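Fold the following and give me the result.
(one chain, ligands or ions: 2)
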Amino acid sequence: MKKNIAIVCGGYSGEYDVSIESAKLVKRNLDPLKYNSYVVVIEPNDWYYQADNGQKIKMNLNDFSVQIGSETIKFDAVFNVIHGTPGEDGKLQSYFDIIGVPYTSSGVDSSSLTFNKFNCNAFVSSYGINRANSISYKEGEKVNYEEIVKKLGLPLFIKPNRSGSSVGITKVNNVDEIEAAIGKALEADDRVLIEEFIDGREIACGILQKGSELIVFPLTEIVSKNEFFDYEAKYTKGMADEICPAPNVPHEIEQDVKALSAFLFHQMDCKGFVRFDYIFTEENLYFLEVNTIPGISEASILPQMALEYGLSLKGFLNIVLDNII
Ligand SMILES: Nc1ncnc2c1ncn2[C@@H]1O[C@H](COP(=O)(O)OP(=O)(O)O)[C@@H](O)[C@H]1O
Ligand SMILES: [Mg+2]
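Ligands and ions are numbered 1, 2, ... in the order given. Purely as a prediction, here's the structure:
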């Protein structure tokens, strides 16, 4: 019998639009012989099923069902493509755990750890993995600008602790810009991270869980046309090259990135498909961050990796759902 899948998208963050695009790719590529798929949009005050003709029907949150005409649709699984809160930080995962609906992404603890860059960095550093040196402040704490520059130099990366798609991130080139950049970051979260600038090549490693095995995709190099991989570069065609397979990566770096990503996937207890990002310089490899709900729109990095690996999008999505139902 065909399974009912809710493609859950939207969310409460600046990544709403990206999530809607990711949902479209999933909807288009889910195997219609195996699955009935339903797009469910989650907004702060409205959780609704959105029909192909645009009709919206409110979800029943007692069991995440929806009444379509005379039929009550219940879901065998949730395909979670909400980037940012509440889909990538464990909140939605808690709800689905409580009502007993399986989902494609990492669970509560894993999502909550990885979405919090401050906590995630501490976790990664505990294994001796290189990270950019950093200082962090909670909203309201006194900021010592001199100490920041003395410890981390310039330029700096100033970012919200819990955010994504580079929302709220500023590259700061002189000390006068720090205050405004901290203010901007604190609009997105109540903790700010200030990092030294790592001047190197940016590289992404995608991992797909297949039962008890892990598929490690070919690496992608990200070359932004802007000063860094900011929101514009991420989502404007032609503003960044995302090259897969990444060219001329030293063999040792490639091996390290792949091994480290598989190691962290296990240690962080990730599920489904995840993208680990790094920067490497002449001397070192630095962990940048992990995305437990990476973009999977037509233009996103991970679907390109899967195709380069030799996996069709349909095949990719089948593996993701076979993991959980
Ligand atoms: N310490 C750093 N040194 C150099 N570039 C950085 C640093 N931190 C972030 N960046 C740049 O900013 C982008 C966004 O930072 P990231 O931490 O990945 O936040 P987000 O979760 O919003 O994607 C990265 O892809 C990279 O281009
Ligand atoms: Mg990032």
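
Now the stretch 1-150 of the chain against ligand 1: closest residue?
Ligand 1 sits closest to Ala132 of the stretch 1-150 of the chain, with a gap of 3.9 Å, by Cβ to the nearest ligand atom. Where you see a C-beta, it was placed from the backbone N, CA and C, and this is true even at glycine.

Now for that residue, how many residues are close by?
Other residues within reach of Ala132 by the criterion other Cβ atoms under 10 Å amount to 18.

give the contact list for it.
By Cβ atoms under 8 Å, 6 or more residues apart in numbering, Ala132 lies in contact with Phe157, Glu195, Glu196, Phe197, Ile198, Tyr286, Leu288.

Would you mind giving the secondary structure of the first one?
For Phe157, the assignment made with DSSP: H, G, I helix; E, B strand; the rest coil gives strand.

Which residues of the stretch 1-150 of the chain lie near ligand 1?
Within the stretch 1-150 of the chain, the positions near ligand 1 by Cβ under 6 Å from any ligand atom are Ala132.

which stretches of the stretch 1-150 of the chain form helices?
16-29, 91-99, 108-115, 117-125, 145-152 (DSSP state H, counting those that start in this stretch).

Can you tell me the closest non-neighbouring residue to the residue of the stretch 1-150 of the chain closest to ligand 1?
Glu195 (4.2 Å; Cβ to Cβ, 6 or more residues apart in numbering).

Regarding the one you found, what is its secondary structure?
strand.

you'd agree it is up against Leu152?
Yes - Glu195 is in contact with Leu152 according to Cβ atoms under 8 Å; the separation is 7.0 Å.

hmm, back to that, gap between the residue nearest to Ala132 and ligand 1?
4 Å (Cβ to the nearest ligand atom, to the nearest Å).

got a list of what that residue touches?
Ala132, Asn133, Ser134, Leu152, Leu156, Phe157, Ile158, Lys159.

Just the buried residues from those residues, in ChimeraX please.
A single ChimeraX command suffices to select whichever of those are buried according to 16 or more other Cβ atoms under 10 Å:
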select :132,134,152,156,157,158,159
